[in-house]
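K.L.:
would you be able to build a 3D model of this:
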Amino acid sequence: MTKQLIKNGTLIDGNGGEPLSDAVVVTDGNRIVYAGPANGYTATGEETVIDAQGGTILPGLIDSHVHMMMEYTPISEKLTTPFSFMYYQAQQYMQATLNAGITTVRDALGTDRGVKKAVNDGLVPGPRMQLSINALTTTGGHGDGYQVSGDVMDILPSGYRGMPDGRCDGVEEVRKKTREMLRAGTEVIKVHATGGVLSPTDHPEFTQFSQRELEVIVEEGQFRKGVKVMAHAQGAEGIKNAVRAGIHSIEHGIFLDDEAIALMIENGTYLVPTLLAPVAVLETADEKGMPQTAVEKSKEVIEQHKESIAKAYKAGVKIAMGTDAGVMKHGTNLRELGLMADIGMSPMETIVASTKTAAACLGWDEHVGTLEAGKLADVVVVQGNPLEDIHSLANNDTIQVVMKDGKVEKDTLA
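P.N.:
Model (predicted):
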């Protein structure tokens with residue numbers, strides 16, 4: 001792979017500092033070798049040149065909460081779709097994710113290690129992935145597909161080879177199930193610490209798992225050289241249980257209270273807001289056949305969700321961008337930045353949340369998240385200046401060049 005030089009752009013390197021006009025980024029193989037002012041690099045003539053045409057050069061963006069193996073579909077469609085079809089659909093989802101400028105994701109359940117291997121080995125294009133495999137959930141809790149009818153209809157299939165079922169109750173069952181997830185290849189353990197919007201038999205404020213059960217999950221991760229735990233946690237008590245147990249990140253955080261926020265700051269816990277998730281449920285309810293329970297709960301929580309995230313942001317909680325993509329269409333991920341700006345974050349802060357902070361949340365900040373020499377060559381060129389209109393990033397046509405690991409995955413400027 002030859003050197004590549006991206007020139008004639010304004011550099012936003014992910015660190016949050018002032019943008020640098022007339023900048024260049026140079027890659028060699030899958031690494032960045034230079035990112036800075038154009039007059040600080042002397043071209044050899046051997047570089048493949050990408051002209052940013054006055055646009056903005058960003059680090060590859062990171063979505064800390066996706067589901068690469070799904071997009072919500074009506075039950076009738078699920079029942080008439082063969083099991084293996086989802087792997088072919090996932091290829092489209094992964095390409096759409098790259099086209100949106102997302103080069104790294106943390107998959108919050110449903111994707112097995114075979115999908116990651118297919119991407120890593122170059123069989124299919126897709127973002128770099130950190131896998132949770134499946135989520136731990138209580139009987140009758142969020143993630144248990146038991147319906148009011150008595151039938152079981154999980155959002156994603158589980159219990160098949162490489163995808164352990166996540167249901168478990170009691171300390172010893174929880175310990176064993178965590179070990180099964182680790183055996184299956186989980187790189188971040190996912191747990192449902194509260195109820196949720198899409199689950200039919202609970203409520204977002206319902207608390208799931210005792211603090212001791214959550215502590216056991218954290219312990220098992222620590223035994224495996226510090227595998228972190230991410231918690232779907234929407235109600236305040238479940239959030240506080242999770243933070244006290246040592247869980248690394250809180251997903252959604254709809255009903256945060258002052259005590260929960262203080263605990264998160266004290267423990268350095270990350271918050272992944274997914275503001276887009278309940279909004280998307282309402283927008284696509286008719287098209288996707290969303291259950292009425294989910295529609296009613298989304299209406300209930302949207303304003304509360306905004307208030308909670310705004311309060312956490314103002315208090316100084318670390319915020320990493322995540323969307324819950326899969327609940328909504330893949331490729332629409334960057335709408336989340338506009339929603340974060342709407343609750344008070346500056347455009348630059350939303351970009352940092354989607355780059356440097358998200359990389360730190362994944363524990364991959366030595367490799368991705370900022371444009372610096374030595375880091376992986378994940379680079380995005382966007383039209384115009386996103387600091388002037390952060391909502392513009394929601395339009396995939398604004399995303400003009402996407403480079404992942406030194407390979408150009410999208411280029412509308414060529």
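K.L.:
state the mean pLDDT of stretch 198-205.
P.N.:
On average, the pLDDT along stretch 198-205 is 78.
K.L.:
in it, which residues are buried?
P.N.:
For stretch 198-205, the neighbour count (16 or more other C-beta atoms under 10 Å) marks 198-200, 202-204 as buried. Placement of C-beta: from N, CA and C, glycine included.
K.L.:
same thing with stretch 157-172?
P.N.:
Neighbour-count burial for stretch 157-172 flags 158, 163-169 (criterion: 16+ other C-beta under 10 Å).
K.L.:
just those now: which is nearest residue 61?
P.N.:
Distance to residue 61, by C-beta to C-beta, is smallest for residue 163 among these, at 27.4 Å.
K.L.:
now the strands for the stretch 1-150 of the chain?
P.N.:
For the stretch 1-150 of the chain, the strands defined by DSSP state E, counting those that start in this stretch occupy 3-11, 20-28, 31-37, 48-51, 56-59, 61-66, 102-107, 128-131, 135-136.
K.L.:
for stretch 37-51, what is the distance to the chain centroid?
P.N.:
33 Å (C-alpha atoms, centre = their mean, to the nearest Å).
K.L.:
CA-only coordinates of it in CSV, if you can.
P.N.:
Provided in CSV are the C-alpha atoms of stretch 37-51 (Å, rounded to 0.1, in the frame of the first residue of the first chain):
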residue,chain,number,x,y,z
PRO,A,37,0.1,22.2,8.5
ALA,A,38,0.8,21.7,4.9
ASN,A,39,4.1,23.5,5.1
GLY,A,40,5.3,21.0,7.7
TYR,A,41,5.4,18.1,5.2
THR,A,42,7.4,17.8,2.0
ALA,A,43,5.8,15.6,-0.5
THR,A,44,8.1,13.1,-2.3
GLY,A,45,5.9,12.7,-5.4
GLU,A,46,5.2,9.0,-4.5
GLU,A,47,2.0,9.8,-2.6
THR,A,48,-1.4,9.1,-3.9
VAL,A,49,-3.1,12.5,-3.5
ILE,A,50,-6.7,13.0,-2.2
ASP,A,51,-7.8,16.6,-2.6
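K.L.:
which segments of the protein make up each domain?
P.N.:
3-60+369-411, 61-362 (automatic domain parsing).
K.L.:
ends of the shortest one, what's the gap?
P.N.:
Right, the one you point to is domain 3-60+369-411. Start and end residues of domain 3-60+369-411 are separated by 17 Å (C-alpha to C-alpha, to the nearest Å).
K.L.:
I'd assumed residue 274 was in contact with residue 65.
P.N.:
Yes: between residue 65 and residue 274 there is a contact under C-beta atoms under 8 Å: 5.6 Å.
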